[in-house]
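>>> pasting the sequence and the predicted coordinates here, then a few questions.
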There are 2 protein chains.
Amino acid sequence: MNLKELSSILGLSQTTVSRALNGYPEVSEETRRRVKAAARDNNYRPNPRAMGLATGRTRTIGHVIPVSTQHEIVNPIFADFIAGAGEVYARNDYDMLLSVVADVDEERIYRQLASRGSVDGVIVHGPRENDPRVALLQEVGLPFVVHGRAGAGDGAYSWVDVNNRHAFERATNFLIDLGHDRIALINGVETMDFARRRREGFLKAMKGRGLHPDASLMRSEEMTEFYGYRVAREMLMAPAPPTAFLISSMITAIGVRRAVEDLGMKLGREVSVVIHDDELSYLRNGEDIPIFSATRSSVRSAGQLCADMLLDIIRQPGQPPRQRLLEAELTVGLSTAPAPKIETARRAERR
Amino acid sequence: MNLKELSSILGLSQTTVSRALNGYPEVSEETRRRVKAAARDNNYRPNPRAMGLATGRTRTIGHVIPVSTQHEIVNPIFADFIAGAGEVYARNDYDMLLSVVADVDEERIYRQLASRGSVDGVIVHGPRENDPRVALLQEVGLPFVVHGRAGAGDGAYSWVDVNNRHAFERATNFLIDLGHDRIALINGVETMDFARRRREGFLKAMKGRGLHPDASLMRSEEMTEFYGYRVAREMLMAPAPPTAFLISSMITAIGVRRAVEDLGMKLGREVSVVIHDDELSYLRNGEDIPIFSATRSSVRSAGQLCADMLLDIIRQPGQPPRQRLLEAELTVGLSTAPAPKIETARRAERR
DNA sequence: GACAGCAACCAAAGCGCTTTGGATTGATTC
DNA sequence: GAATCAATCCAAAGCGCTTTGGTTGCTGTC
């Protein structure tokens, strides 16, 4: 069923039927009702390609998800983010176009999306420091929202981000308040903007409390389980082990826990851990009581916010860029406890 | 730059340029070269919407990913599957259209995709027993490949699946060979086809070896970490605890390990575990030595296979349906050991 | 009674491509 | 030398929609 058929059934012109369906005023209410009823009865759906051709708009949003070339890792938060954004698209009758791309090919893909006009806008995933994609998208004039931030010049583009700096500053202070002073930071790759900010927050709190961050206790790698295991094992077996870990990802924290338990210790007793929890649907942080104490912020709702913001920008172009900074909750779970006394004693002894 | 402009630059008709670019024979090789060079130089890209309108084909594959309504869980294998399929699409210049849909809305979405003609084919994710989507897609005549199987009538449609039954049969036999006879099955939701088959494999092995599967040791739920924790804890504290667990997902196994260690035991000593490992990029099963003994099959390469198969079906319609059954590897890791002697002794005592 | 103004409708062009049904050439055949 | 044929090329229709630039008929105004 297409417009032509529908309008001939109704004995109206295509123009009138199109206008009736799209809410234009130069059509009587009576006619509009008739048209809408007929459209429903005949199960008429406008062909999106034809609509796109005629209008230049596509009702499609592009998501380019980068796959790390070295490790072939797909970001685990991606599925939940997409689920959040997808809900919004479904509600607003938009489609989502996905390109999975080796990170080196990204620029080409973005240019292609823009020049082909296959999408009305894009969401930028996994921004790095001074990410070139921001300038690129501004240059080609494609509306976009960044999930996260891309370094300096925050005001020049639209983004939705968690206040990573503040979250990790608070988490660090929380550990210090519990008496910990040897705190390890198990971070993600620090070319990623979010990881850099988390490190800043950690350092700010440490210095603010007069503590010297130990370089050997700060690591930055792709956030796998094995990374957590390896690094934690190494640190805990070293002469001056940490008593607490601040960990960028739940998956890495699972590796840390494995190392801790392999060495015959217990989380939330000899060793404390605070993680950042993205509230991934398939990896919930416990049920009633969180397994890990955590800074918490739902990646799924970030997906919703990004999508909503982008649709808004597309609907009303020419506005100043928009930003949304989310504060993470700090939730206490089973993985934190006061720094062990023995340690304190031993350290006092050394002085 | 569009066809019209390009052809006027070349002094040729749109027809000829179009034919030259699309490899039709009625164009001289000399002209074809000129046209291709000009297209490259002018960075010409055909507008996919216009192409779609004219041909009825869209070079787009639909992926409908269901989100469980009860638990709002996005399947964790999804990201890696998509990465695999996405590679294939990129290579073949196809796009991927993603719809995230509450499982109750699925039928509507599939019908919409078909009637709007927004995709040339779809991949069916997470098939359930006697999944209605198979009949639906056959009815509307949209090419499709199922990732997994949808119960009976395997020969009537195209699919790519792991031999779940055989994998779990082997895994069970492996545990029995190690002397285990109280083996727990921590399965996924058994309305899912894959989970049902795994259960069958488990039961077949048990019965084949003269063991009576204990109903209280067989569970079936959404595969979260907490599910593993809760169920394992419960089973291990019961009067007749299992000595081994067969677990459908790595994430659930992580919960099981947590329970085991909470109770002061060790995996690969008092308690053995075999999992199914989908080789998720962000959740590798250890580095050199697998953390968990596992039946292993890469979900990413399943994504590639599904996509390749679907593109093939689209290119050459009218062929009989195609199937691909993958055998999982059985890899031995740190989580399995012979059944503890004490148990054997205690059991002997009871007789 | 002429005219403006308005509400309601429509014909046809246009979006950028493919494809049908020729047209034009030069070579080949008898 | 006329007819045939293959090789190239082209004009124009068509895909299904939106939108421009109307037309038509009616009401109200002076």
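Cool, the structure landed.
>>> C-alpha only now, for contacts and for neighbours.
Will do.
>>> who's in contact with residue A:200?
A:165, A:169 (Cα atoms under 8 Å, 6 or more residues apart in numbering or on different chains).
>>> quick one: the helices in chain A?
Taking DSSP state H, the helices of chain A run over residues A:3-10, A:14-21, A:29-41, A:48-55, A:78-91, A:106-116, A:132-140, A:164-177, A:193-208, A:225-237, A:250-262, A:299-315, A:341-350.
>>> need those in CSV with distance to residue B:31, can you?
CSV is the format used below for these (distance: least, Cα to Cα, whole Å):
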stretch, distance to residue B:31
helix A:3-10, 39
helix A:14-21, 41
helix A:29-41, 48
helix A:48-55, 29
helix A:78-91, 45
helix A:106-116, 25
helix A:132-140, 32
helix A:164-177, 58
helix A:193-208, 50
helix A:225-237, 57
helix A:250-262, 57
helix A:299-315, 42
helix A:341-350, 81
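>>> need those in JSON lines (columns: distance to residue B:23 and mean pLDDT).
Conversion of these to JSON lines gives the following (distance: least, Cα to Cα, whole Å; pLDDT from 0 to 100):
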{"stretch": "helix A:3-10", "distance to residue B:23": "33", "mean pLDDT": "92"}
{"stretch": "helix A:14-21", "distance to residue B:23": "37", "mean pLDDT": "93"}
{"stretch": "helix A:29-41", "distance to residue B:23": "40", "mean pLDDT": "93"}
{"stretch": "helix A:48-55", "distance to residue B:23": "24", "mean pLDDT": "91"}
{"stretch": "helix A:78-91", "distance to residue B:23": "37", "mean pLDDT": "93"}
{"stretch": "helix A:106-116", "distance to residue B:23": "21", "mean pLDDT": "83"}
{"stretch": "helix A:132-140", "distance to residue B:23": "31", "mean pLDDT": "90"}
{"stretch": "helix A:164-177", "distance to residue B:23": "53", "mean pLDDT": "97"}
{"stretch": "helix A:193-208", "distance to residue B:23": "46", "mean pLDDT": "96"}
{"stretch": "helix A:225-237", "distance to residue B:23": "49", "mean pLDDT": "96"}
{"stretch": "helix A:250-262", "distance to residue B:23": "50", "mean pLDDT": "96"}
{"stretch": "helix A:299-315", "distance to residue B:23": "38", "mean pLDDT": "96"}
{"stretch": "helix A:341-350", "distance to residue B:23": "75", "mean pLDDT": "52"}
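>>> among the ones you listed, which is nearest residue B:123?
Ranking these by proximity to residue B:123 (Cα to Cα) places helix A:78-91 first, at 16.8 Å.
>>> other residues contacting the closest one?
A:95-96, A:280-281, A:299-308, B:67, B:74-76, B:78-79, B:99-101.
>>> ok and that helix relative to helix A:299-315, angle-wise?
On the basis of axes from the mean of the first three to the mean of the last three Cα atoms, to 10 degrees, helix A:78-91 is oriented at 40 degrees to helix A:299-315.
>>> with only the CA atoms kept, save helix A:78-91 in CSV.
The C-alpha trace of helix A:78-91 is given here as CSV (Å, rounded to 0.1, in the frame of the first residue of the first chain):
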residue,chain,number,x,y,z
PHE,A,78,28.0,-0.7,24.7
ALA,A,79,25.0,-3.1,24.8
ASP,A,80,23.3,-1.3,27.7
PHE,A,81,24.0,2.2,26.2
ILE,A,82,22.4,1.1,23.0
ALA,A,83,19.4,-0.3,24.9
GLY,A,84,18.9,3.1,26.5
ALA,A,85,19.2,5.0,23.2
GLY,A,86,17.2,2.4,21.3
GLU,A,87,14.2,3.0,23.6
VAL,A,88,14.2,6.6,22.8
TYR,A,89,14.5,6.0,19.1
ALA,A,90,11.7,3.6,19.2
ARG,A,91,9.4,6.1,21.0
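>>> can you list the buried residues in it?
A:78, A:79, A:80, A:81, A:82, A:83, A:84, A:85, A:86, A:87, A:88, A:89 (16 or more other Cα atoms under 10 Å in any protein chain shown).
>>> cool, and stretch A:320-330?
A:321, A:322, A:323, A:324, A:327, A:328, A:329, A:330.
>>> in those residues, find the pair that's most separated.
The distance between the two most remote of the buried residues of stretch A:320-330 (Cα to Cα) is 29.2 Å, for A:321 and A:330.
>>> and which of the buried residues of helix A:78-91 is nearest DNA strand C?
DNA strand C has its nearest neighbour among these in residue A:89, at 24.1 Å by Cα to the nearest atom of the strand.
>>> measure the closest one to residue A:100 for me?
Distance, residue A:89 to residue A:100, by Cα to Cα, to the nearest Å: 19 Å.
>>> again, but for residue A:77
From residue A:77 to residue A:100 the distance is 15 Å (Cα to Cα).
>>> for the residue of the stretch 251-351 of chain A found nearest DNA strand C, grab the count of nearby residues.
When scored by Cα to the nearest atom of the strand, the stretch 251-351 of chain A has residue A:314 as its residue closest to DNA strand C, at 19.5 Å. Summarising burial for residue A:314: neighbours were counted as other Cα atoms under 10 Å in any protein chain shown, giving 17.
>>> grab the nearest non-local neighbour of it.
Nearest residue to residue A:314, sequence neighbours excluded (Cα to Cα, 6 or more residues apart in numbering or on different chains): residue A:143, at 6.7 Å.
>>> quick one, which of residue A:77 and residue A:100 is more surrounded?
Between residue A:77 and residue A:100, residue A:100 has the larger neighbour count (other Cα under 10 Å), namely 26 against 18.
>>> for the more buried one, list each beta-bridge partner.
Residue A:100 has these beta-bridge partners by DSSP bridges: residue A:65.
>>> surely it is in contact with residue A:66?
Yes: look at residue A:100 against residue A:66 with Cα atoms under 8 Å: they come within range, at 6.1 Å.
>>> what's near enough to touch residue A:202?
A:165, A:168, A:169, A:171, A:172, A:185.
>>> show me what from chain A comes close to DNA strand D.
A:1-4, A:14-16, A:18-19, A:22, A:45-47, A:50-51, A:53-55 (Cα under 7 Å from any atom of the strand).
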